[in-house]
Every structure is written in C-alpha cells, then in structure tokens.
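Q: How does the following fold in three dimensions:
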Amino acid sequence: MSITKFFVVELGEYENTEKVMISGLKQDTFEYFIMKYGNRIKYLNFFKNKLIEDYSPLSCLTEIQCLKFFHNQRVTRLWDMTSNKDLVGLAFDDFSRLHSLDGIQTAPNLKHLHFGDRIWNTSTLSDLLPLVGTLLVSFSFGGKTIVNNDISVYTKMPELNFLDFRTNLYSTEQLAQIMASCPNVSGYALSPYVKFDRIDNGLKDVLICGKGKPFLYSADDADKIEAYTQKFYALVEKYKRNNA
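A: As a prediction, the model looks like this:
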C-alpha cells in the first residue's frame with residue numbers, strides 16, 4: 001500500500017475531520033478518497049497532486065465549502081458543479097494544461113474564485129466568458145495572460161465587488177473603463193498607482209498601474225506621479241460620461 005493510500009485509509013480514524021490538505025494522489029487514490037471521505041470534509045486543499053487528470057468525481061461533494069488546488073500537470077477541464085451547493089470558495093494555482101474556466105457557471109453559490117500562479121508565472125486562460133452571470137463576489141487572476149481579455153465580462157457579474165490582478169494586466173485606459181463601468185468594484189490595480197513601503201529610501205516605491213507603465217521614486221518623481229494620477233481620473237470621468 002502506498003503512503004498516500006495509507007493516509008487516506010487512516011483518515012477514517014478521525015471522524016470529525018472537516019479540514020484536510022492532501023498531496024501525492026494519483027487518479028485512483030483521488031477517486032477512492034473522494035468516494036470514502038469526500039462528503040464529510042468542508043475545506044479541502046489538494047497540494048501537489050500533479051498526476052490527477054479528471055476532476056469529475058468532485059461533482060458529488062454536496063457538503064464542500066472551499067476547494068484549493070496547487071500544481072497539476074494533467075487536468076484540462078473543470079467539472080459539473082451543480083451539486084456542489086455549499087461551495088463558496090475555489091482556487092487554482094500552477095496548472096499547466098487548464099486554460100478554461102468552463103464549469104464555473106454551474107456552481108450555484110460560488111462567491112470567491114482565484115486562478116493563477118504561486119511559483120512560475122505561466123498559467124493562461126482563453127477567456128473569462130464562463131464568469132458572465134455568475135454571483136461571484138470576488139475574482140482574482142494571478143497568471144500570465146488571458147488571451148481574449150474582454151473587460152465587459154466584469155459588468156455582467158452583478159454581485160462583483162473585488163477584483164485582483166497584476167498592475168500590468170490591462171492598459172491604463174482599460175483600468176479606467178473598469179472603474180467607470182463597475183463603480184462598486186475595488187481592487188489592487190484599480191488605482192492610478194500602487195505605493196510600496198521601502199526600508200531603503202533610495203529605492204523606487206511607486207508603480208504606475210497599466211501595461212507598460214513605469215516604476216518611480218516618490219521623492220524625486222512627485223510631479224510625474226501627480227500627472228499620471230490626474231490623467232487616470234480624467235479617463236475614468238470620460239468613460240463614466242460615455243456610459244451615461
């Protein structure tokens with residue numbers, strides 16, 4: 001018996017376990033684990049289960065509330081989440097072959113979704129279309145790129161109030177459009193710039209938000225930072241007028 005299979009079997013001794021982090025599963029031990037213990041676990045973290053290739057057994061988890069996945073090299077699609085009625089949080093990091101969020105739209109009560117990278121900045125998505133009409137409250141993307149990055153998707157998510165992504169994922173104009181079209185949405189890069197705390201005062205500490213924008217030093221570049229700020233908010237107001 002493998003160490004992983006032994007762990008799965010021994011889990012039966014802990015009847016009240018609701019939170020589990022598990023690694024090293026292959027498809028057969030994954031299916032065994034889900035079948036045997038899945039419906040008593042509410043918080044499940046799959047850490048480095050890179051050989052699992054089919055997540056469809058997760059469809060039966062009616063009690064699961066939060067699922068986190070780190071590092072998989074074989075999964076290419078999500079699963080039907082219709083029966084995951086208690087699922088509110090879902091996170092995927094470092095998936096080399098998963099490029100679509102199709103399936104997210106079937107999760108009836110999902111509120112928080114993350115997709116991205118924790119180690120290598122390589123994850124990509126084809127588009128965000130599966131998010132249209134969902135009741136997500138927050139969405140974060142920490143991957144390399146979204147191929148068809150249509151920002152109008154965010155306007156079609158009625159409960160959305162938080163977006164998180166890199167400061168250079170969108171152009172400054174696109175960031176302004178998002179702010180104008182989604183006034184109730186806040187986020188790390190939905191701002192003219194991000195300021196960092198620096199112990200060494202000689203280091204650059206202000207990153208202007210937007211694709212291709214510079215990293216500046218607040219002590220020497222105050223005028224430039226102010227100019228970027230004024231231009232940014234002017235764009236926001238322009239797009240608000242266009243939306244009126």
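Q: Show me what secondary structure element comes after the helix or strand of the chain with the lowest mean pLDDT.
A: Sorted by mean pLDDT, DSSP states H and E, the helices and strands of the chain end with helix 3-10, the least confident at a mean of 44. Going down the chain from helix 3-10, the next helix or strand is strand 19-22, by DSSP states H and E.
Q: Pull up the gap between the nearest residue to residue 49 once chain neighbours are set aside and residue 46, please.
A: Nearest residue to residue 49, sequence neighbours excluded (CB to CB, 6 or more residues apart in numbering): residue 25, at 4.5 Å. Bear in mind the C-beta positions are built from the backbone N, C-alpha and C, glycine included. Distance, residue 25 to residue 46, by CB to CB, to the nearest Å: 7 Å.
Q: Could you do residue 165 as well?
A: Counting by CB to CB, the gap from residue 165 to residue 46 is 24 Å.
Q: Go ahead and flag the most central residue of the chain.
A: Closest to where the C-alpha atoms of the chain average out (CA atoms, centre = their mean) is residue 114, at 1.7 Å.
Q: Tell me the confidence at that one?
A: Note for residue 114: predicted pLDDT of 98.
Q: mind giving me the domain ranges of the protein?
A: 1-165, 167-244 (automatic domain parsing).
Q: hey, least reliable of those domains by pLDDT?
A: Mean pLDDT, when computed for each of the domains of the chain, is lowest for domain 1-165, at a mean of 91.
Q: Centre of the chain to it, how far?
A: 10 Å (CA atoms, centre = their mean, to the nearest Å).
Q: cool, and stretch 201-216?
A: Per CA atoms, centre = their mean, the centroid offset for stretch 201-216 relative to its chain is 24 Å.
Q: Can you get me the start-to-end distance on that stretch?
A: By CA to CA, to the nearest Å, the extent of stretch 201-216 from end to end equals 12 Å.
Q: Do a quick rundown of the helices in the chain.
A: Secondary structure of the chain (DSSP state H): helices at 3-10, 27-37, 172-181, 222-243.
Q: Let's have those in CSV, adding mean neighbour count.
A: CSV is the format used below for the helices of the chain (neighbours: other CB atoms under 10 Å):
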stretch, mean neighbour count
helix 3-10, 14
helix 27-37, 17
helix 172-181, 20
helix 222-243, 14
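Q: can I get those helices in TSV with distance to residue 78?
A: Below are the helices of the chain laid out as TSV (distance: least, CB to CB, whole Å):
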stretch	distance to residue 78
helix 3-10	23
helix 27-37	15
helix 172-181	25
helix 222-243	33
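Q: To residue 63, which of those lies closest?
A: Shortest distance between residue 63 and the helices of the chain, using CB to CB, is found for helix 27-37: 11.0 Å.
Q: helices or strands up against that closest one?
A: With contacts taken as 3 or more CB pairs under 8 Å, 6 or more residues apart in numbering; DSSP states H and E, helix 27-37 sits against helix 3-10.
Q: Distance check, the residue nearest to the centre of the chain against residue 68.
A: Taking CB to CB, one finds residue 114 at 9 Å from residue 68.
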